[in-house]
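Undergrad: got a structure for you, letters missing:
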């Protein structure tokens, strides 16, 4: 498979690298040294810079002021974001934009997409449900109601989503819900809408998350996407974006490890020259290359819809398995090779470790995706 990037995709990656070059993960306090979240808000300055560089409209159609690129381009930018632990909802807003562009009606697209591209509208996504283990759409019920007398139909939502990233900073929350017949829908809910309440939560990374509670939240029909494919597509986009962040994080951690072991001496020699150290670093390099290959396979399938032996969900599952296992092994080896220095809160490795754990478990750990892949393979064999 030829994964050569187009000029436009490479330009997006280069622009992202330039934007993120000024971001320093070690400038953020350690979660262990704070009483709550490491910050009350996203990095607004970085968000504005991303908008000025036209990176927020990367996947938005030119008709709405975007660049019209594909999930591969988005993943290239997210890879750069992962290298610096960028505190912005780039993944959530980008995935939401693609979902709205594909499945929302014309009026909602006109209202949201140009503003997303300009950085004026921040959209986050609720994907963990109530516990992070059960299907996320089951935690909120959506009821379509028609009051008659010529009034427009509307939807009423009740339920709770936990661990919603950047919810306090977002303008809208795109969340899955289920109807009485069991169908999945997507609802675009304003954060300050009547009936919406946010409870404070803090993630493994120390970032400010929220439990979003919906009590008889009333939405217009155009704010609810009823296409049953919309939620599955959005979840796949979030998953490959998470894999891209994990890849960038792992690459940065391996580079930090190479730099440290190349200068740290033992018995008069850099520890990088010891065979045991070199073998461990080589194994982690292999992990990263496997993470990269499976990521681009999945992103390409989602972007093109090209046929394969399995549906795109199979490629997404493989990518997430490698990302979850690979990023965990990379940070564990880094901690081991750094010795006690890796636990020093004045050194950024501990923050990369926390983010790696968050990315490993986000949208399902490796075991969950192995089970999903097994089900797909079994269905394929029976078919």
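TA: Received, thanks. Everything numeric here is computed off the predicted structure, so don't read it as measured data.
Undergrad: which intervals of the stretch 251-383 of the chain have sub-threshold pLDDT?
TA: Low-confidence segments of the stretch 251-383 of the chain, defined by pLDDT under 70: 265, 309, 383.
Undergrad: Helices along that one, start to end?
TA: For the stretch 251-383 of the chain, applying DSSP state H, counting those that start in this stretch gives helices covering 275-304, 312-338, 349-361, 366-382.
Undergrad: Could you grab the helix/strand/coil label for residue 180?
TA: With DSSP: H, G, I helix; E, B strand; the rest coil as the basis, residue 180 sits in coil.
Undergrad: got a pLDDT number for it?
TA: Looking at residue 180, its pLDDT stands at 94.
Undergrad: And residue 28, by the same measure?
TA: For residue 28, the predicted pLDDT is 69.
Undergrad: For the residue nearest to residue 79 when sequence neighbours are not counted, the count of nearby residues, please.
TA: Leaving aside its sequence neighbours, residue 79 sits nearest to residue 248 (C-beta to C-beta, 6 or more residues apart in numbering; 3.9 Å). C-betas here are computed from N, CA, C, even on glycine. Neighbourhood size, residue 248 [other C-beta atoms under 10 Å]: 25.
Undergrad: circling back: most packed of the helices of the stretch 251-383 of the chain?
TA: helix 312-338 (a mean of 24; mean count of other C-beta atoms under 10 Å).
Undergrad: Just want the angle from that one to helix 366-382.
TA: Put simply, helix 312-338 runs at 150 degrees to helix 366-382, going by axes from the mean of the first three to the mean of the last three C-alpha atoms, to 10 degrees.
Undergrad: now for helix 312-338, which elements pack on it?
TA: Counting contacts by 3 or more C-beta pairs under 8 Å, 6 or more residues apart in numbering; DSSP states H and E, helix 312-338 packs against helix 229-263, helix 275-304, helix 349-361, helix 366-382.
Undergrad: re earlier: thought the residue nearest to residue 79 was touching residue 78?
TA: Yes - using C-beta atoms under 8 Å, residue 248 makes contact with residue 78 at a distance of 7.0 Å.
Undergrad: Report the contact partners of residue 247.
TA: When contacts are counted by C-beta atoms under 8 Å, 6 or more residues apart in numbering, residue 247 touches 79, 82, 288, 291-292, 295, 323, 327.
Undergrad: Look up how far residue 182 lies from it.
TA: 35 Å (C-beta to C-beta, to the nearest Å).
Undergrad: Likewise for residue 8?
TA: Taken as C-beta to C-beta, the span from residue 8 to residue 182 is 41 Å.
Undergrad: Neighbour count for these two, which is higher?
TA: Of the pair residue 8 and residue 182, residue 8 is the one with more neighbours under other C-beta under 10 Å, namely 14 against 9.
Undergrad: Let me have the helices and strands packed on helix 312-338 in a markdown table, adding distance to residue 71 as columns.
TA: Shown next, in a markdown table, are the helices and strands packed on helix 312-338 (distance: least, C-beta to C-beta, whole Å):
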| stretch | distance to residue 71 |
| --- | --- |
| helix 229-263 | 6 |
| helix 275-304 | 5 |
| helix 349-361 | 17 |
| helix 366-382 | 18 |
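Undergrad: between those, which one is nearest to residue 310?
TA: helix 366-382 (5.5 Å; C-beta to C-beta).
Undergrad: Now do that closest one: everything it contacts.
TA: By C-beta under 8 Å, 6+ apart, the residues outside helix 366-382 that reach it are 309-311, 313-314, 316-318, 320-321, 324-325, 360, 364.
Undergrad: for that helix, the distance to its chain's centre please.
TA: Relative to the centre of its chain, helix 366-382 is centred 22 Å away, using C-alpha atoms, centre = their mean, to the nearest Å.
Undergrad: That one to helix 349-361, inter-axis angle?
TA: Angle, helix 366-382 to helix 349-361, by the same axes, to 10 degrees: 30 degrees.
Undergrad: Next, the angle helix 229-263 makes with helix 366-382.
TA: Using the same axes, to 10 degrees: helix 366-382 against helix 229-263 is 130 degrees.
Undergrad: okay, now the domains of the protein?
TA: Using automatic domain parsing, the domain ranges for the chain come out as 7-121, 125-225, 229-382.
Undergrad: After the helix or strand hosting residue 93, heading C-terminal, what element do we hit next?
TA: When elements are defined using DSSP states H and E, residue 93 is found to belong to helix 90-103. Per DSSP H and E, the first helix or strand lying C-terminal to helix 90-103 is helix 106-117.
Undergrad: Report all helices and strands that the helix or strand following that next one contacts.
TA: Using DSSP H and E, the helix or strand that follows helix 106-117 in sequence is strand 123-125. Applying 3+ C-beta pairs under 8 Å, 6+ apart, we find strand 123-125 packed against helix 90-103, strand 154-165, strand 172-178.
Undergrad: could you pull out the helices for the stretch 1-150 of the chain?
TA: Remark: helices assigned in the stretch 1-150 of the chain by DSSP H, counting those that start in this stretch are 7-20, 44-52, 71-83, 90-103, 106-117.
Undergrad: Tell me which of the ones you listed sits most buried.
TA: When those are compared using mean count of other C-beta under 10 Å, helix 71-83 is most buried, at a mean of 26.
Undergrad: Specify the angle between that one and helix 312-338 in degrees.
TA: Per the same axes, to 10 degrees, the angle that helix 71-83 makes with helix 312-338 is 20 degrees.
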